[in-house]
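Novice: Give me a 3D structure for the following:
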Amino acid sequence: QVQLVESGGGLVQSGGSLGLSCAASTRSFSRYGMSWFRQAPGKEREFVAGITWSGSNTDYADPVKGRFTISRDRSKNTVFLQMNSLKPEDTAVYYCAADIRIQSTVAVSHRQYAYWGQGTQVTVSS
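Specialist: Okay, here's the model as predicted:
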């Protein structure tokens, strides 16, 4: 069983920055593909950014390309999401997800992830 704990959410003005962290409990963290998803009220959960187990491949949803950066630190069993130039439409609950089956290519469907964090709220004011 893998436990994921997100942190770093909060309230920020439009144009500001926030950094999210996701700490994983598993010792085999380096074998897992990791991604961030988000869900706004009344909307479906959507892919934001992902990184393969090696860290060599990343992928981003079009709305966040050029503004968000995903990275991972194997020594700390942690994946990060740096969010810059935030917009009100980025407001959502952000979830960290992990799956050991995700190897060379980032998976963008939430159905492909077995483990999820509890979510952290990000609110961007205009």
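Novice: Over to the residue nearest the centre of the chain. Which of the three states is it?
Specialist: Ranked by distance to the mean C-alpha position of the chain (Cα atoms, centre = their mean), the top residue is residue 36 at 2.1 Å. Three-state call for residue 36 (DSSP: H, G, I helix; E, B strand; the rest coil): strand.
Novice: How many neighbouring residues does residue 25 have?
Specialist: Residue 25: 12 surrounding residues under other Cβ atoms under 10 Å. C-beta here means a position set from N, CA and C on the backbone, and glycine is covered the same way.
Novice: related to what we said a few turns ago, now for the residue nearest to the centre of the chain: which residues touch it?
Specialist: Taking Cβ atoms under 8 Å, 6 or more residues apart in numbering, we find residue 36 in contact with 20, 22, 48-50, 70, 79, 81, 94-97.
Novice: show me where pLDDT drops low in this structure?
Specialist: Within the chain, no stretch has pLDDT under 70.
Novice: So which residues of it form strands?
Specialist: 4-7, 10-13, 18-24, 33-39, 46-51, 58-60, 68-73, 78-83, 92-99, 115-116, 120-125 (DSSP state E).
Novice: which outside residues touch the longest one?
Specialist: Translated: strand 92-99. 2, 4, 6, 9, 20, 22, 24, 32-40, 43, 45, 48, 79, 81, 107, 110, 112-122.
Novice: Only the buried members of those: can you turn that into a PyMOL selection?
Specialist: Entered in PyMOL, the line below selects the buried ones among the contacts of strand 92-99, by 16 or more other Cβ atoms under 10 Å:
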select buried, resi 2+4+6+9+20+22+24+32+33+34+35+36+37+38+45+48+79+81+107+110+112+113+115+116+117+119+120+122
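Novice: which residues does the residue lying closest to residue 52 once chain neighbours are set aside contact?
Specialist: Excluding the flanking residues, the one nearest residue 52 by Cβ to Cβ, 6 or more residues apart in numbering is residue 33, at 5.2 Å. Counting by Cβ under 8 Å, 6+ apart, residue 33 makes contact with 50-53, 98-103, 106-107.
Novice: Now with 10 Å, please.
Specialist: By Cβ atoms under 10 Å, 6 or more residues apart in numbering, the contact list for residue 33 reads 50-54, 57, 72, 79, 97-107, 112-113.
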